[in-house]
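*Asks:* predicted model, plus sequence, below.
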Amino acid sequence: MAKTLHAWLYGTHLAEISSNSEGTRLGLNFTDEALTRWGTGSTILSMSLPLSRRHHPQARVTAFFQGLLPEGQQLTAMAQYVDVAESNTFALLAEFGKDVAGALYLTTDNEPEAVPPHQYRPLSLEELAREVETSRLDQGMDAFEPLGNTPTLRGRSLGGYQGKRLVAQFDGSWFDPVGGSPSTHIAKPQSVNVNHPDLTENEAVTMQFAQRLGITTTESELHHVEGTVFMTQSRFDRVIDGPHRVRRIHQEDGCQATGTVPGRKYEASGGPSLQSIARLLAPAERETFLGQLTFKAVIGDTDAHAKNTSFVHREDGRVTLAPLYDCQPGLHYVANSLAQRINGVSTFPVLSAADLVAEGAQWGIDIEAASRIVRQTVVGMAVEFPALDVRQGNLAAFEVVERRIAQFVANV
Ligand SMILES: Nc1ncnc2c1ncn2[C@@H]1O[C@H](COP(=O)(O)OP(=O)(O)O)[C@@H](O)[C@H]1O
Ligand SMILES: [Mg+2]
């Protein structure tokens with residue numbers, strides 16, 4: 001096994017990553033080049049790992065890098081492909097750390113990523129549909145290609161539990177990224193969870209809703225091809241300069257930014273509070289965060305944990321809130337718990353618009369501004385809801401959403 005992983009970011013050799021022999025405890029050494037470019041204290045990599053010559057605690061370094069890997073069955077399969085334990089974060093990133101969330105590019109040989117144009121294999125829509133099916137979590141081990149990785153073709157990683165495939169689109173045509181070439185879209189097959197059968201369809205409708213309101217910039221599209229249904233979603237951490245020319249933009253999620261392992265993403269299991277995420281944002285960004293929170297609360301998103309909020313790190317060091325992603329209604333199922341408490345409230349039935357305003361005020365937003373943001377978001381949802389094609393998703397789910405919008409409008 002390689003002893004060192006080299007981390008590249010925005011064309012700079014950022015750091016060297018070392019590890020114990022089990023790959024479960026990682027160390028991080030920033031390079032002189034990175035310290036010269038961004039300066040000591042820069043949070044260009046992570047808010048939990050400011051650039052420094054001093055060593056960060058291994059637990060925090062490991063939490064950040066573990067956050068680049070998926071959870072659940074995708075992780076299990078990827079670990080089997082390289083014959084290591086799922087806890088061997090170091091070995092997994094050595095194999096799958098080329099195309100990840102954000103702009104990091106990890107290599108074992110200290111070679112930077114080749115300059116664009118990158119390599120892609122064209123896919124017809126039918127081929128795309130078949131490839132997306134290989135990422136379904138109920139695929140037999142022989143056909144399962146988590147994120148598009150196979151036992152011999154590796155290089156991609158992305159956090160999260162649900163099955164996905166990383167793909168690219170240029171001028172309306174689809175491609176499979178070759179090697180570690182940057183993906184531009186995330187494709188999600190239909191859910192195989194019998195308790196959440198319409199997850200993907202509902203997410204597409206919800207994301208289209210958020211896009212109409214300007215709460216997200218990502219574009220989600222549902223496809224029906226040869227009897228299969230899947231969603232594609234544009235990546236907010238990629239910029240397409242032209243066919244096969246893609247730039248990566250760095251991001252990290254709320255767990256990584258707070259030094260929390262993915263297994264603790266829910267606040268009830270020791271994960272970050274909303275406030276601990278909000279305080280990492282500049283004041284104007286906190287207002288954007290309150291708009292996102294209001295949208296998720298009215299939707300009834302029961303899975304809005306710290307890995308479903310992210311920060312974007314621009315090349316110049318500026319930090320902004322990432323656009324909304326991974327949002328869907330959850331209250332038509334049995335669940336009614338909040339993944340992160342809002343003004344101390346932990347279940348949906350007792351959550352009110354006043355709690356959203358009070359939560360925003362606790363982040364330092366003045367009360368008038370917080371009220372305005374919550375009101376504008378709720379009213380905007382009421383105005384845009386009728387334009388949605390809710391029949392693409394589960395009607396029962398969106399009946400609940402419609403009722404909730406009316407309830408919140410009556411109370412702002
Ligand atoms: N549109 C997007 N652009 C860029 N990164 C994304 C986008 N959507 C999700 N991600 C990243 O991928 C991870 C997994 O995606 P997500 O939709 O949250 O899947 P899951 O339902 O499995 O949690 C997220 O935590 C985030 O880091
Ligand atoms: Mg998620």
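*Replies:* Structure's in. What do you need? Numbering: from 1, shown residues only. Ligands and ions are numbered 1, 2, ... in the order given.
*Asks:* excluding covalently adjacent residues, which one is nearest to Thr302?
*Replies:* Gly330 (3.2 Å; Cβ to Cβ, 6 or more residues apart in numbering). (Each C-beta comes from the backbone N, C-alpha and C, glycine too.)
*Asks:* residues contacting that neighbour?
*Replies:* Gly330 is in contact with Gly300, Asp301, Thr302, Asp303, counting by Cβ atoms under 8 Å, 6 or more residues apart in numbering.
*Asks:* name the element it belongs to?
*Replies:* Assessed by DSSP states H and E, Gly330 sits outside every helix and strand.
*Asks:* burial measure for the nearest residue to Ile373 once chain neighbours are set aside, as a count.
*Replies:* Distance criterion Cβ to Cβ, 6+ apart; nearest residue to Ile373, sequence neighbours excluded, is Leu290 at 4.9 Å. Residues near Leu290, counting by other Cβ atoms under 10 Å, number 25.
*Asks:* please apply the same query to Asp241.
*Replies:* For Asp241, the count of nearby residues is 10 (other Cβ under 10 Å).
*Asks:* quick one: secondary structure of it?
*Replies:* For Asp241, the assignment made with DSSP: H, G, I helix; E, B strand; the rest coil gives strand.
*Asks:* hang on, Ser18 packs against Asn29?
*Replies:* Yes: under the criterion of Cβ atoms under 8 Å, Ser18 makes contact with Asn29 at 7.2 Å.
*Asks:* residue of the stretch 301-412 of the chain closest to ligand 1, please.
*Replies:* Closest residue of the stretch 301-412 of the chain to ligand 1, Cβ to the nearest ligand atom: Asp326 (3.3 Å).
*Asks:* check contacts around the spatially most central residue of the chain.
*Replies:* The C-alpha lying nearest the average C-alpha coordinate of the chain belongs to Asn308 (Cα atoms, centre = their mean; 5.7 Å). Residues in contact with Asn308 (Cβ under 8 Å, 6+ apart) are Asp253, Gly254, Tyr325, Asp326, Cys327, Ala339.
*Asks:* nearest to Ala168, of those?
*Replies:* Taking Cβ to Cβ as the measure, Ala168 lies nearest Tyr325 of those, at 17.9 Å.
*Asks:* tell me the secondary structure at the closest one.
*Replies:* coil.
*Asks:* and it, how many neighbours?
*Replies:* The burial count for Tyr325: 21, using other Cβ under 10 Å.
*Asks:* so it touches Glu219, yeah?
*Replies:* No: contact status for Tyr325 versus Glu219: not in contact, 11.5 Å apart, counting by Cβ under 8 Å.
*Asks:* overlap in contacts, the two.
*Replies:* Shared contacts of Tyr325 and Glu219, counting by Cβ under 8 Å, 6+ apart, come down to Gln233.
*Asks:* re the thing from before, distance check, the residue nearest to the centre of the chain against Leu14.
*Replies:* With the distance defined as Cβ to Cβ, to the nearest Å, Asn308 ends up 26 Å from Leu14.
*Asks:* which residues are in contact with the nearest residue to Thr134 once chain neighbours are set aside?
*Replies:* Of all residues not flanking Thr134 in the chain, Glu145 sits nearest, at 4.0 Å (Cβ to Cβ, 6+ apart). Glu145 makes contact with Glu131, Thr134, Ser135, Gln139, Arg165, according to Cβ under 8 Å, 6+ apart.
*Asks:* for Leu153, what are its contacts?
*Replies:* By Cβ under 8 Å, 6+ apart, the contact list for Leu153 reads Gly179.
*Asks:* now do the helices in this protein.
*Replies:* Counting by DSSP state H, the chain has helices at residues 32-38, 58-66, 72-81, 89-96, 125-133, 199-212, 254-257, 274-278, 283-299, 353-362, 367-384, 395-409.
*Asks:* among those, which comes closest to Pro151?
*Replies:* Proximity to Pro151, assessed across those by Cβ to Cβ, is greatest for helix 72-81 (4.6 Å).
*Asks:* other SSEs contacting that closest one?
*Replies:* helix 89-96 (3 or more Cβ pairs under 8 Å, 6 or more residues apart in numbering; DSSP states H and E).
*Asks:* what mean pLDDT does the helix it packs on have?
*Replies:* For helix 89-96, mean pLDDT rounds to 98.
*Asks:* what of stretch 404-412?
*Replies:* Rounded mean pLDDT across stretch 404-412 is 97.
*Asks:* swap in stretch 3-20?
*Replies:* According to the model, stretch 3-20 has a mean pLDDT of 97.
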